[in-house]
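Enquirer: Sequence plus predicted model, see below.
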Amino acid sequence: MPLSVVDLYRDVLPQTNCGDCGYPTCMAFAGITGPLESPDRKLYET
């Protein structure tokens with residue numbers, strides 16, 4: 001089952017809103033990334 005945008009934000013992203021990805025918030029980045037097929041995939045690591 002793919003990760004939803006909220007799951008991606010809550011479980012994968014650092015939730016620091018640092019802007020290193022080019023988006024102002026982690027939720028904005030999760031929103032453009034969309035659902036992931038693999039829950040083990042890490043998109044962004046601090």
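Expert: Arrived safely, thanks for sending. It should be emphasised that the depicted structure is a prediction, and the values quoted were computed from it without experimental measurement. Residues are numbered from 1 along each chain as shown.

Enquirer: my guess is Ala30 contacts Asp11, does it?
Expert: No: using C-beta atoms under 8 Å, Ala30 is not in contact with Asp11, being 10.2 Å away. No exception for glycine: its C-beta is placed from N, CA and C like everyone else's.

Enquirer: Between these two, tell me which one has more neighbours.
Expert: The neighbour count for Ala30 versus Asp11, taken as other C-beta atoms under 10 Å, is higher for Ala30 (26 against 10).

Enquirer: quick one: buried residues of the helix or strand hosting that one?
Expert: In the assignment (DSSP states H and E), Ala30 maps to helix 26-33. Of all the residues in helix 26-33, those buried under the rule 16 or more other C-beta atoms under 10 Å are 26-27, 29-30, 33.

Enquirer: Gln15: which of the residues you listed is nearest?
Expert: Cys26 (5.2 Å; C-beta to C-beta).

Enquirer: Mind jotting down where the helices sit in the protein?
Expert: For the chain, helices defined by DSSP state H occupy the ranges 5-11, 26-33.

Enquirer: CSV please, covering those and showing mean pLDDT.
Expert: Output for the helices of the chain, formatted as CSV (pLDDT from 0 to 100):
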stretch, mean pLDDT
helix 5-11, 88
helix 26-33, 88
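
Enquirer: out of those helices, nearest to Cys18?
Expert: Closest of the helices of the chain to Cys18 is helix 26-33, at 8.3 Å (criterion: C-beta to C-beta).

Enquirer: I'm done for today, thanks for sticking with me.
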